[in-house]
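1. this is a predicted model, with the sequence first.
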Amino acid sequence: MAIDAQRDLVPLLRRAPQIASLLSPLPGGYVRLPDVTDGCWFLRHDGMCAYEVAHGREAKFTTCRLFPFNRVFRVGSLRIVDFNSVVCPLQDALGTGRGVSHAELANELAVVGEGPLVNTPLPLPEGARELRWHVLEQSIVEASREALTASSYLPFAARQLELTSRQLGLRSGAATESALESLSRLLACWGALFGELSEETALCTRRMALLTPSLRFNTLFRRAAPAYREGALLQPAQLLAAWFLASKAAAAYGVEHAAIQGAPSPQASHTLSLRSLTELYQAQAPLRDLLARVDQPAVLNQPLTVEDLPKDLATAAQRLSALLLRPAGKKVGAGEPLSRALQAVAAELPSHARALVPALLLRAGDALSFV
Ligand code: SF4
């Protein structure tokens, strides 16, 4: 955990002097307490926080007091509160009457005051301010409500694309229908490569919808993010790809889980937790970004390496190179979408190996560019 040295360090050492040798200073006045246990130093076997039990909630560190809403940023006069969905498990409390209300969180933030942990300055990506990013992001937060009970993420992705096109002043492609059509084409291509989604996806859709505002924030506002216009236009397809891959992973996990438990058939409703979906989103960034752009033309600036591949896959990689290689010294104009080459190569492979075709292309790294 990172703790605020100004605010929390001395009280912490007074209450738990045994951890003094473990603290190491970090820039910005923070200290870090490395975790060498399977959980926090203060986490008891019954799931309670020993520090809170012994010293009371008021004594807890800022970061733990606000958890999971402990990623708090400042952009000018605007405060952005993101939640942390990757460190510890979270539960979807919407509609249960449990969980943390907006008023409770606002109250906690007021009690915590103005320390550095709740004022992290956020540099905006290029063009975000001019394009009134918070208006678009807020409208997407509101639109996420409908997706909570939908069986597919597709309509919500199309709505995001429509809202984005409108906000960016793009008239063409702004209609929901055309957004739906373009994203449906992507889904069809992914289905041809990875197999159609056959499992029940409603729970995965709900969880992805709950995570969407946070995932968008962390993608669009990360360090070295592209200009806001470019990033925001790609996000609906990227999130749809993330949902597609997550639904595939959930189906695989459901099968695995059923096998371990000796259940007679895979549990269709089994899905991944909010934490695992976030983990997957981070781990699959290159694949997700590639899938989101398969409707664009792309070229390879050098052939894919094949020496370390088994024969079938080496042949597939050579075919991809032949289809996508930029002719030496030639400029390449807009051509066929990348999906054509991917599907043509996949069609020559047995069905179980088709899902590896995008991974083969990812081996190109920077040698793959979109035209
Ligand atoms: S609330 Fe904080 S101090 Fe308590 S167990 Fe959790 S991480 Fe540790």
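-> Good, I have the coordinates. Model, not experiment: these values are computed from the prediction.
2. now the residue in the stretch 151-300 of the chain positioned nearest to the ligand: closest residue in space, sequence neighbours ignored.
-> Nearest residue of the stretch 151-300 of the chain to the ligand: residue 275, at 14.4 Å (CB to the nearest ligand atom). C-beta here means a position set from N, CA and C on the backbone, and glycine is covered the same way. Using CB to CB, 6 or more residues apart in numbering and skipping the chain neighbours, the partner closest in space to residue 275 is residue 89 (5.1 Å).
3. quick one: the helices in the stretch 151-300 of the chain?
-> 154-167, 176-194, 202-220, 228-261, 274-283, 285-292 (DSSP state H, counting those that start in this stretch).
4. got CSV for those helices, with mean neighbour count and mean pLDDT too?
-> Below are the helices of the stretch 151-300 of the chain laid out as CSV (neighbours: other CB atoms under 10 Å; pLDDT from 0 to 100):
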stretch, mean neighbour count, mean pLDDT
helix 154-167, 22, 95
helix 176-194, 17, 91
helix 202-220, 21, 95
helix 228-261, 20, 85
helix 274-283, 18, 91
helix 285-292, 18, 95
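5. so which of these is nearest residue 27?
-> With respect to residue 27, and counting by CB to CB, the nearest of the helices of the stretch 151-300 of the chain is helix 202-220 at 21.4 Å.
6. what's the angle between that closest one and helix 285-292?
-> Counting by axes from the mean of the first three to the mean of the last three CA atoms, to 10 degrees, helix 202-220 lies at 100 degrees to helix 285-292.
7. so which elements touch helix 202-220?
-> Counting by 3 or more CB pairs under 8 Å, 6 or more residues apart in numbering; DSSP states H and E, the packing neighbours recorded for helix 202-220 are strand 78-82, helix 133-147, helix 154-167, helix 228-261, helix 274-283.
8. can you check which of the ones you listed gets nearest to residue 297?
-> helix 228-261 (15.5 Å).
9. so what's residue 90 up against?
-> By CB atoms under 8 Å, 6 or more residues apart in numbering, the residues touching residue 90 are 68, 83, 273, 274, 275.
10. try it again with 7 Å
-> 68, 274, 275 (CB atoms under 7 Å, 6 or more residues apart in numbering).
11. domains of the chain?
-> Domain assignment for the chain by automatic domain parsing gives 2-121, 133-292, 298-370.
12. is stretch 22-42 in proximity to the ligand?
-> Yes - judged by CB under 6 Å from any ligand atom, stretch 22-42 and the ligand are in contact via 40, 42.
13. and the contacts of that stretch?
-> Contacts for stretch 22-42 (CB under 7 Å, 6+ apart): 1, 2, 3, 4, 5, 6, 9, 19, 49, 50, 51, 116.
14. find the nearest non-adjacent residue to the first one, please.
-> Right, residue 1. residue 33 (5.5 Å).
15. any idea how far the one you found is from residue 23?
-> 6 Å (CB to CB, to the nearest Å).
16. let's check: the centremost residue of the chain is which one?
-> By CA atoms, centre = their mean, the chain has its centre lying nearest to residue 281, at 3.8 Å.
17. my read: that one touches residue 241, true?
-> No - in this structure, residue 281 is not within contact of residue 241 by CB atoms under 7 Å, at 10.0 Å.
18. what is the lowest-mean-pLDDT helix or strand in the chain packed up against?
-> The least trusted helix or strand in the chain, going by mean pLDDT, DSSP states H and E, turns out to be strand 2-4, with a mean of 78. Packed against strand 2-4 by the contact rule (3 or more CB pairs under 7 Å, 6 or more residues apart in numbering; DSSP states H and E) you find strand 30-32, helix 62-66.
19. now do that strand: distance to the chain's middle.
-> With CA atoms, centre = their mean, to the nearest Å as the basis, strand 2-4 stands 25 Å off its chain's centre.
20. near the ligand, which residues of the stretch 201-350 of the chain show up?
-> So the stretch 201-350 of the chain never meets the ligand (CB under 6 Å from any ligand atom).
21. low pLDDT regions in the protein?
-> Counting by pLDDT under 70, the chain contains low-confidence ranges at 37, 171-177, 199, 255-270, 328-334.
22. the residue of the stretch 51-200 of the chain at minimum distance from the ligand: how many residues sit nearby?
-> Using CB to the nearest ligand atom, residue 64 is the residue of the stretch 51-200 of the chain that sits closest to the ligand, at 3.1 Å. Residue 64 is flanked by 17 other residues according to other CB atoms under 10 Å.
23. repeat that for residue 76.
-> 9.
24. and if you look at residue 108?
-> Neighbour tally, residue 108, other CB under 10 Å: 17.
25. list the contacts for it?
-> Contacts for residue 108 were tallied using CB under 7 Å, 6+ apart; they are 65, 66.
26. the helix or strand it falls within near the ligand at all?
-> If you go by DSSP states H and E, residue 108 is part of helix 102-112. No - Helix 102-112 stays clear of the ligand (CB under 6 Å from any ligand atom), getting no nearer than 13.2 Å.
27. name the helices or strands packed onto the next helix or strand after that helix?
-> Next along the chain after helix 102-112, taking DSSP H and E as the criterion, comes strand 120-121. Under the contact definition 3+ CB pairs under 7 Å, 6+ apart, strand 120-121 sits against strand 71-75.
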